[in-house]
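Student: below: sequence and its predicted model.
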Amino acid sequence: MPVFFSYAQVREDLHKHTVGLSDEQVWQRCAGQSLGFQLKHIAGSVDRITSYLMVRPLSDEQLAFLKQELQPPGSLPELLALVEHSLTYSESQLKNVDADSLYAPRTVGRRALPTTVIGLIVHLAEHTQRHLGQAILIAKLLRQTG
């Protein structure tokens, strides 16, 4: 359940902290990153980690998305919709995880780094929260700089 609460917090906080920002501000670099990158990375990383959790290789589309996360385009509504789609899909997959499989082995990435089902679930929550925090900070800085 904590990952579901994490996703709910992402939705709530992104709405709260991005409302009123312009599409131009979304891609303005602030503190070395853009809000657009953070939003694309949240969407992409949730999607990729969910694939690892469900023992699916990354698709060509997922790999292409990863390579372009730093780049515009994308309006704020489009980026928030990407995040929403990714969170919703991940939630649907998490509902299918058998509690008896929590310690089943999983691997991550091309190097097949070892982990477990519960390790990936925890990582979904903590990694998403880390980038949510960065997105909030960038949004606050953007408001200060006008």
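Tutor: Nice, thanks for sending it over.
Student: longest single helix anywhere in this structure?
Tutor: Longest helix in the chain by number of residues, with DSSP state H as the criterion: helix 117-145.
Student: for that helix, packing partners?
Tutor: With contacts defined as 3 or more CB pairs under 8 Å, 6 or more residues apart in numbering; DSSP states H and E, helix 117-145 has these neighbours: helix 2-18, helix 35-53, helix 76-94, strand 105-108. Bear in mind the C-beta positions are built from the backbone N, C-alpha and C, glycine included.
Student: and among these, the most buried is which?
Tutor: Greatest average neighbour count among these goes to helix 35-53 (a mean of 23), per mean count of other CB atoms under 10 Å.
Student: would you mind identifying the next helix or strand past that one?
Tutor: On the C-terminal side of helix 35-53, the nearest following helix or strand under DSSP states H and E is helix 60-67.
Student: distance from that following helix to the middle of the chain?
Tutor: Here helix 60-67 shows a centroid-to-chain-centroid distance of 14 Å under the convention CA atoms, centre = their mean, to the nearest Å.
Student: in that helix, what counts as buried?
Tutor: Across helix 60-67, burial judged by 16 or more other CB atoms under 10 Å covers 65-66.
Student: coming back round to it: mind listing what's buried in the longest helix of the chain?
Tutor: So helix 117-145, judged by 16+ other CB under 10 Å, has buried residues 117-121, 123-125, 127-129, 131-132, 134-139, 142.
Student: now render the helices and strands packed on helix 117-145 as JSON lines, adding distance to Glu69 and mean pLDDT.
Tutor: What follows is the helices and strands packed on helix 117-145, written out as JSON lines (distance: least, CB to CB, whole Å; pLDDT from 0 to 100):
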{"stretch": "helix 2-18", "distance to Glu69": "16", "mean pLDDT": "97"}
{"stretch": "helix 35-53", "distance to Glu69": "4", "mean pLDDT": "98"}
{"stretch": "helix 76-94", "distance to Glu69": "11", "mean pLDDT": "98"}
{"stretch": "strand 105-108", "distance to Glu69": "17", "mean pLDDT": "97"}
